[in-house]
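Asker: Sequence first, predicted model second:
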Amino acid sequence: MNQVTPFLRALGAVVWKDLAAEWRSREMLSAMLVFALLVILIFNFALELDPVGRANITAGILWVTFTFAGTLGLNRSMAVEKDRGCLDGLLLAPVDRTAIYFGKALANWLFMLSVAVIVLPVYSILYNINLFQPGLLLVILLGSEGYVAVGTLLSTMSVQTRTRDILLPILLFPIVIPVVVAAVKASGNFLAGLEMAEIQPWLNLLIVYDVVFTAVSFMVFDAVVEE
Amino acid sequence: MIEVRSLVKRFGPKTVLRGLDFEVKQGEFVALLGPNGAGKTTFLRILSSLSRQTLGEVKIAGYHLPHQSAAVRRRLGVVSHLPLLYGDLSAEENLQFYGRMYGVPGLVERISEVLELVGLTARRRDLVRTFSRGMQQRLAIGRAILHDPDVLLLDEPHTGLDQDACIMLDDVLRQVAVRGRTVVMTSHDLARAQDLASRFDILTRGRIQASVRQSELAADGLLAFYRQTLESNAASLKEVKPV
């Protein structure tokens, strides 16, 4: 318990700091949102589809939107720490460094979910599809968790290089292929109203991915931030 | 308070620190001087646990680095030429954040005390990005002393400051040092270093080449001592490796 309290206190402090700074600047969220809305708008005009066609591609468009918008947020989230030397400030604190990782990851997750909260109703209106289904919301929760778990770790690595903006997607996308595929399949199946038995394997894959990659990130974060 | 023995730091094939020995007693204010590329910042990063030594022993307040780094970090305050502050948070919020990271007890009172010490009480609710460079650096010192550390490591804290800001920063540093803290400061500004420190160590080519106390300085001062050390070092290098 004595070890847990400083860990949670530090984790909470990092989340609070990220949310408070973003509330002031709105730099990251506005960039993610504008990008996400542009993507679904462009797809809406580019793919002149009938209602059935729209339903079929919805899961794919949603996850492409979340993935690319998420990359913008991940890059920005760590760049803020690096540019003013704040990453050193965090690493100098006498806390378990994984608390810093979990704090950053949790804040990134909240940012990604905030984008989803705006994108879903806009998408529903533009494409005339009801996306407010508990199953789809569960997939978004699980998929975005896996995405930010890996993304936060890799952005911590890439931010220390000169080519950080280019490097993050190059490192991240191959690793998140399983989570994106599983999320697209599970979302599509939920939207198509398929039986739970057909959706369950994809949900299982998402859960396993989340657990494995969160655990791996937890184990290697300290080594990643060490010089 | 700080003991360093035979410290070596290599970056790939390049050796930056070559068997450096260094010792600082409690309450001493040591200025670490030397040309660019001498290894001052690398040395301070090792002392602050942000970098690991390749070889050698580093002990701060009785704790070994890198194995007891959390215990060392609790006793350290670090100021670099970057402020380590969040521009989109106010001065008070920055200190709140770092205070929570360090688990500072009585944080509200401590923040008021620190802001008073660095002369930023009136600007406590202003965003840090609206601060001048000098004010940011004073707040950076406030951040570094918030948890009342035994040791302060200052890496060129005067970089980028104008004369007025330097004078204000020096006043803050004197107040901080007078409270019995051990301070190690790297600097290129010999006049400022002479004004603040009680001991001067000259680091060139990865080793401490010379050390002198304030009371032992000759009448021609620190500048002459510094030049003499660098010249004798260059001469000894020529003897070893004739060009």
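Answerer: Here it is on my side, so go on. Residues are numbered from 1 along each chain as shown, chains lettered A, B, ... in the order given.
Asker: When you work out contacts or count neighbours from here on, use the C-alpha atoms and nothing else.
Answerer: Will do.
Asker: And the helices in chain B, which stretches?
Answerer: Taking DSSP state H as the test, the helices found in chain B are B:40-47, B:69-74, B:91-102, B:107-117, B:133-145, B:163-177, B:190-196, B:221-240.
Asker: Reformat the ones you listed as CSV; add mean pLDDT and mean neighbour count.
Answerer: Below are the helices of chain B laid out as CSV (pLDDT from 0 to 100; neighbours: other Cα atoms under 10 Å in any protein chain shown):
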stretch, mean pLDDT, mean neighbour count
helix B:40-47, 92, 21
helix B:69-74, 90, 21
helix B:91-102, 95, 23
helix B:107-117, 93, 17
helix B:133-145, 89, 25
helix B:163-177, 80, 16
helix B:190-196, 85, 16
helix B:221-240, 71, 14
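Asker: would you turn those helices into TSV with distance to B:Pro83?
Answerer: Listed next are the helices of chain B as TSV, based on distance: least, Cα to Cα, whole Å:
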stretch	distance to B:Pro83
helix B:40-47	15
helix B:69-74	18
helix B:91-102	11
helix B:107-117	15
helix B:133-145	5
helix B:163-177	13
helix B:190-196	20
helix B:221-240	28
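Asker: mind checking which of the ones you listed is nearest B:Phe22?
Answerer: The stretch from these with the least distance to B:Phe22 (Cα to Cα) is helix B:40-47; that distance is 10.3 Å.
Asker: could you dump that closest one to PDB, C-alpha only?
Answerer: Taking Å, rounded to 0.1, in the frame of the first residue of the first chain, the C-alpha atoms of helix B:40-47 are listed here in PDB:
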ATOM      1  CA  LYS B  40      30.200  19.300 -17.900                       C
ATOM      2  CA  THR B  41      26.600  18.600 -19.000                       C
ATOM      3  CA  THR B  42      27.300  14.900 -19.400                       C
ATOM      4  CA  PHE B  43      28.700  14.900 -15.800                       C
ATOM      5  CA  LEU B  44      25.700  16.700 -14.400                       C
ATOM      6  CA  ARG B  45      23.300  14.400 -16.200                       C
ATOM      7  CA  ILE B  46      25.100  11.400 -14.500                       C
ATOM      8  CA  LEU B  47      24.900  13.100 -11.100                       C
END
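Asker: and the helices of chain B as TSV, adding distance to chain A?
Answerer: Written out in TSV, the entries for the helices of chain B read as follows (distance: least, Cα to the nearest Cα, whole Å):
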stretch	distance to chain A
helix B:40-47	10
helix B:69-74	5
helix B:91-102	5
helix B:107-117	13
helix B:133-145	9
helix B:163-177	19
helix B:190-196	24
helix B:221-240	30
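Asker: And these: which comes nearest A:Trp16?
Answerer: Across these, A:Trp16 has its closest neighbour in helix B:91-102 (8.2 Å, Cα to Cα).
Asker: which residues touch the spatially most central residue of chain B?
Answerer: Among the residues of chain B, the smallest C-alpha distance to the mean C-alpha position (Cα atoms, centre = their mean) belongs to B:Leu154, namely 1.9 Å. In this structure, B:Leu154 makes contact with B:Val78, B:Val79, B:Ser80, B:Val183, B:Val184, B:Met185, B:Thr186, judged by Cα atoms under 8 Å, 6 or more residues apart in numbering or on different chains.
Asker: one more time with 7 Å, if that's ok
Answerer: B:Val78, B:Val79, B:Ser80, B:Val184, B:Met185, B:Thr186 (Cα atoms under 7 Å, 6 or more residues apart in numbering or on different chains).
Asker: same deal with A:Gly89?
Answerer: Residues touching A:Gly89, when contacts are defined by Cα under 7 Å, 6+ apart, comprise B:Leu84.
Asker: and if you look at B:Val30?
Answerer: B:Val30 makes contact with B:Val183, B:Val184, B:Met185, B:Ala197, B:Ser198, B:Arg199, B:Phe200 under the criterion Cα under 7 Å, 6+ apart.
Asker: what would the residues you listed look like in TSV with neighbour count and distance to chain A?
Answerer: Below are these laid out as TSV (neighbours: other Cα atoms under 10 Å in any protein chain shown; distance: Cα to the nearest Cα, whole Å):
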residue	neighbour count	distance to chain A
B:Val183	26	17
B:Val184	25	16
B:Met185	24	17
B:Ala197	20	24
B:Ser198	17	26
B:Arg199	21	26
B:Phe200	26	26
